[in-house]
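Novice: generate a structure from the sequence data that follows.
(one chain, ligands or ions: 1)
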Amino acid sequence: MSFPIQPFHIPKRLLMGPGPSPVHPSVLEKMSCAPIGHLDPLFLSLMEEIKTMLRAVFQTSNEFTFPISGTGSAGMEFCLVNLLEPHDRVLVGINGLFGRRMADLAIKLGAEVKTLEVPWGQSIEAEQLKEAIKKERPKIVALVHAETSTGICNPMEELAPIVAESGALFILDTVTSLGGSPVFIDQWKVDATFSATQKCIGSPPGLSPVSFSPRALEVIAKRKTKIPSWYFDCSLLYGYWGQERLYHHTAPINNNYGLHQSLRLILEEGLQNRWQRHYQAHLMLKEGIAQLGLKFFTPEDRRLWQLNAITVPDETIEAALRKKLLDAYGIEIGPGLGPLKGKIWRIGLMAEGARKENIEILLEALKNILS
Ligand code: PLP
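Specialist: Predicted coordinates:
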């Protein structure tokens, strides 16, 4: 009798949702190669190159910059677990699902969590942050740059100087922004940041690039309590990713092959050109959306380029329309989450997704299903 379960047939999909994003064939090619040992000298040199390229993409000189083995939430947990101690006062900006996730995590770590909450679909503005910092006097401020759940870009050029002036440590979620729109870790004086490979970096999910400033490392060195994690303890992890090369865990070799190639593609394209490509993709989608008679959910001046939140044409059939897009055209777009469930579509233009040909395919398919 033959084995009853057949090999999994992987369908062809065009990923135009909130992530994962379409992956360049050269990245997939590298990922399909045989793994080498995680302490092989050649793998160690690949790790060095990944660190160097990540610094360039984050625009930081932070020595402590490398990918955590895990998704974006692992990077979030890594930052909070190392920097927060019980009773630390943390101010978390919440205007969507991911700010809420950081606050929930900080509560689990015993921090005294204060929140600056604005309705989903609005941005956190300078005056609001100034007021909240003045009132709460936090040791740490945690913000989300690109709120994937709502399509909002929190204006870092305006918010970052306010955090810096307050003297608080600054944790910034760059999961959806990195590689798709300007991110300046040193210029914004960010102390700890985490991202993810499956959005504008253009790799499959599985790694979370992180970076800590020297100030963050000083704060960690002076902790009164132990870091309440083994896997995410930064000193143990850096034993592997730093110069000592001590075994900590078995790095996901093939994900690192993929990340190395994705970072090469980003830097070969040039950061400015890549941001510009994402911006142009957004403009093209915006025009097409208007022609279809649809409207953006988000205000124009705070819109993300890589995550476009569109008010659904009909709440009663939006799920059926998305299903039709997937079944008939193989195109994935994202639903709304939380209070926006059934109200918005989230169209991602990330990495390889942010290309003219993909937007044309999507717009044509949307036109067909809406007619
Ligand atoms: N932060 C933001 C802004 C995100 O968009 C996501 C995922 O979509 C995460 C954090 C969590 O990342 P992951 O799903 O890779 O764990």
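
Novice: the closest residue to the ligand within the stretch 51-200 of the chain: what's it in contact with?
Specialist: Distances between the stretch 51-200 of the chain and the ligand by CB to the nearest ligand atom are smallest at residue 72, namely 2.5 Å. The C-beta positions use only the backbone N, C-alpha and C, and glycine is treated the same way. Applying CB atoms under 8 Å, 6 or more residues apart in numbering to residue 72 gives the contacts 173, 175, 194, 195, 196, 198, 208.

Novice: before we move on, what about residue 196?
Specialist: Counting by CB under 8 Å, 6+ apart, the residues that residue 196 touches are 19, 71, 72, 75, 175, 176, 205, 207, 208, 209.

Novice: among the residues you listed, which ones are in helices?
Specialist: 72, 75 (DSSP state H).

Novice: mind checking how far the residue of the stretch 251-371 of the chain found nearest the ligand is from residue 301?
Specialist: Closest to the ligand within the stretch 251-371 of the chain is residue 307: 8.1 Å, counting by CB to the nearest ligand atom. Per CB to CB, to the nearest Å, residue 307 is found 16 Å from residue 301.

Novice: same thing with residue 213?
Specialist: In this view, residue 213 and residue 301 are 30 Å apart by CB to CB.

Novice: and these two? Which one has more around it.
Specialist: More crowded of residue 213 and residue 301, by other CB atoms under 10 Å: residue 213, with 23 against 8.

Novice: from residue 364, how far out is the more buried one?
Specialist: Counting by CB to CB, the gap from residue 213 to residue 364 is 46 Å.

Novice: now name the helix or strand holding residue 256.
Specialist: Element membership for residue 256 (DSSP states H and E) is helix 253-269.

Novice: contacts for the lowest-mean-pLDDT helix or strand in the chain, please.
Specialist: None of the helices or strands of the chain scores lower by mean pLDDT, DSSP states H and E than helix 234-241, at a mean of 94. Around helix 234-241, the neighbours that count as contacts under CB under 8 Å, 6+ apart are 47, 51, 64, 66, 68, 78, 82, 212, 217, 220, 227, 230, 245-249, 251.

Novice: which parts of that helix are buried?
Specialist: 234, 237, 238, 240, 241 (16 or more other CB atoms under 10 Å).

Novice: for the closest residue to residue 119 other than its chain neighbours, give me its contacts.
Specialist: Using CB to CB, 6 or more residues apart in numbering and skipping residues adjacent in sequence, the residue nearest residue 119 is residue 95, 7.3 Å away. Shown in contact with residue 95 (CB under 8 Å, 6+ apart): 117-124, 144, 147, 150, 152, 154.

Novice: if I look at residue 95, how far off is residue 340?
Specialist: As judged by CB to CB, residue 95 and residue 340 stand 12 Å apart.

Novice: please apply the same query to residue 91.
Specialist: Residue 91 is 24 Å from residue 340, by CB to CB.

Novice: out of those two, which sits in the busier spot?
Specialist: Using other CB under 10 Å, the more surrounded residue of residue 91 and residue 340 is residue 91, with 26 against 22.

Novice: circling back: got the contact list for the closest residue to the residue of the stretch 251-371 of the chain closest to the ligand other than its chain neighbours?
Specialist: Closest residue in space to residue 307, ignoring its immediate chain neighbours: residue 151 at 4.7 Å, by CB to CB, 6+ apart. The contact partners of residue 151, by CB under 8 Å, 6+ apart, come to 121, 296, 297, 298, 303, 304, 307, 308, 309, 344, 346.

Novice: wait, doesn't the residue of the stretch 251-371 of the chain closest to the ligand sit right on residue 144?
Specialist: No - if you go by CB atoms under 8 Å, residue 307 and residue 144 don't touch, sitting 11.8 Å apart.

Novice: and the strands in the stretch 101-250 of the chain?
Specialist: In the stretch 101-250 of the chain, the segments counted as strands under DSSP state E, counting those that start in this stretch are 112-117, 140-144, 146-147, 152-153, 169-173, 192-194, 207-212.

Novice: if I pick the residue nearest the centre of the chain, what's in contact with it?
Specialist: Centroid-nearest residue in the chain, with CA atoms, centre = their mean: residue 175, separated by 1.2 Å. Under the criterion of CB under 8 Å, 6+ apart, the contact list for residue 175 reads 72, 75, 98, 144, 146, 148, 194, 195, 196, 199.

Novice: ok, 10 Å please
Specialist: If you count contacts by CB atoms under 10 Å, 6 or more residues apart in numbering, residue 175 has them with 19, 71-73, 75-76, 98, 144-148, 193-201, 208-209.

Novice: so where's the stretch 1-150 of the chain uncertain?
Specialist: Counting by pLDDT under 70, not a single residue of the stretch 1-150 of the chain qualifies.
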